[in-house]
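**Student:** Sequence and predicted structure below; questions after.
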Amino acid sequence: SKLVSVTDRDRHDIFNVVALLPLVFLTLANFDWEVVWASADAEAAWTDEYFWQYWVATLTYFSVDAVWLWKVPTCVKSPGVIIKHHIVTLLYLAAPVLFPEFRWAMGACLSVEINTWFLIMRRMVYLRREHVPGVIVEFTNAAFYASWIAIRCVLYPMIMAIYLRKCRVALEETGTLMHWPVIFVPVHGIFCALNIKWTYDLFTPLILGWFGFGSKKTAQKSEERML
């Protein structure tokens, strides 16, 4: 029933808001932020100080969430897509263990969970907006959009550019692309493609509304589809 679906989603949201906090904290803790601000070089800024705690926490979170989605598919709108996303992520987690020189990429990629946290918190705040101070609603909304653009639209393509540059260097040095790390390119490409689709779905109705090509109601429905 509708009531059961809402309850399932609420429980899943609460789980994610709590369970994602260690991932967000460990993502931030594994980088030297003075280097990040000075050079915007994630590879140079990676400290690897808490890698194994980070890896175990990430493996645990995505495994538990995948099982949750499989057992209770009513907790999200597109369980099939998210389960496939989680499976690819779990496979991707083999990379930083097998190729330690790419551990920085795990941290860079998983920074997207900061945006995921704000997405879920934004939904929870929106559904209770009559009881939440307006400044919290506005801050959560702004943080969601800012982190979406910074991570999904800027950082992820930058990671792909770094991967492609490393492929070019490897090709020049060895004369072949037959190296295991090359698999990162198509795997990361899947995440970039998903980000493009989700960004299009989120922003197109809003942009059309801003330029007078869509109604406010259409833009609002777009917003609500993301909740």
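**Tutor:** Sure thing, it's come through.

**Student:** which non-adjacent residue is nearest the most centrally placed residue in the chain?
**Tutor:** Residue closest to the average C-alpha location in the chain (Cα atoms, centre = their mean): residue 112, at 2.9 Å. Excluding its sequence neighbours, the residue lying closest to residue 112 (Cβ to Cβ, 6 or more residues apart in numbering) is residue 151, at 5.1 Å. Using the backbone N, CA and C atoms, a C-beta is placed for each residue, glycine as well.

**Student:** Compute the distance between the one you found and residue 64, please.
**Tutor:** Distance, residue 151 to residue 64, by Cβ to Cβ, to the nearest Å: 23 Å.

**Student:** Of those two, which one has the most company?
**Tutor:** Between residue 151 and residue 64, residue 151 has the larger neighbour count (other Cβ atoms under 10 Å), namely 20 against 13.

**Student:** Next, the contact list for the residue located most distally from the centre of the chain, please.
**Tutor:** The C-alpha centroid of the chain is most remote from residue 175, which lies 34.5 Å away (Cα atoms, centre = their mean). By Cβ atoms under 8 Å, 6 or more residues apart in numbering, residue 175 lies in contact with nothing.

**Student:** next one: residue 113
**Tutor:** Contacts of residue 113 by Cβ under 8 Å, 6+ apart are 20, 23-24, 27.

**Student:** May I have the predicted confidence score for it?
**Tutor:** On pLDDT, residue 113 comes in at 96.

**Student:** Next: the one 4 residues further on.
**Tutor:** Looking at residue 117, its pLDDT stands at 96.

**Student:** Give me the nearest residue to it, chain neighbours excluded.
**Tutor:** Per Cβ to Cβ, 6+ apart, closest to residue 117 is residue 20, 4.8 Å.
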